[in-house]
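Q: Kindly generate the corresponding structure for this input.
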Amino acid sequence: MDSLLNGSLCSEAKEWARTGASLVNCLIVARLAGHPDFEALVVELTDAFKKSIYSKTEPNMAEWDKLVAYLRTEVQPLA
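A: Here you go, the predicted structure:
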């Protein structure tokens, strides 16, 4: 799943996943899968989230930041 959403397995799927609400899924899957460049992906996906319609209100950006912090500190990769 990580290769599909965050890797080079399918560029169309990766591009689609980088739009809107799917950004959350990309980040969660990357952490659970032990993505080797997780921190770089956090930066990339945060930038994409900031440009999306979902970040236009403060609660949403704050929730994104909480998710990132939670994944970093509380979630261990499964792989």
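Q: Which is the succeeding secondary structure element to the host helix or strand of Leu4?
A: Taking DSSP states H and E as the definition, one finds Leu4 inside helix 2-6. Later in the chain than helix 2-6, the nearest helix or strand by DSSP H and E is helix 11-17.
Q: ok, and what's touching that following helix?
A: Contact partners of helix 11-17, identified using Cβ atoms under 8 Å, 6 or more residues apart in numbering, comprise Leu4, Leu5, Asn6, Gly7, Ser8, Ser22, Leu23, Asn25, Cys26. (Glycine included, C-beta is placed from N, CA and C.)
Q: If we use 7 Å, what do you get?
A: Residues outside helix 11-17 that contact it (Cβ atoms under 7 Å, 6 or more residues apart in numbering): Leu4, Leu5, Asn6, Asn25, Cys26.
Q: so how many other residues sit close to Lys56?
A: 9 (other Cβ atoms under 10 Å).
Q: Select the longest helix from the protein.
A: Of all segments of type helix in the chain, defined using DSSP state H, the longest is helix 58-74.
Q: Just checking, which helix or strand of this structure averages the lowest pLDDT?
A: When each helix and strand of the chain is scored by mean pLDDT, DSSP states H and E, helix 11-17 comes last, with a mean of 82.
Q: Thanks again, I'm all set now.
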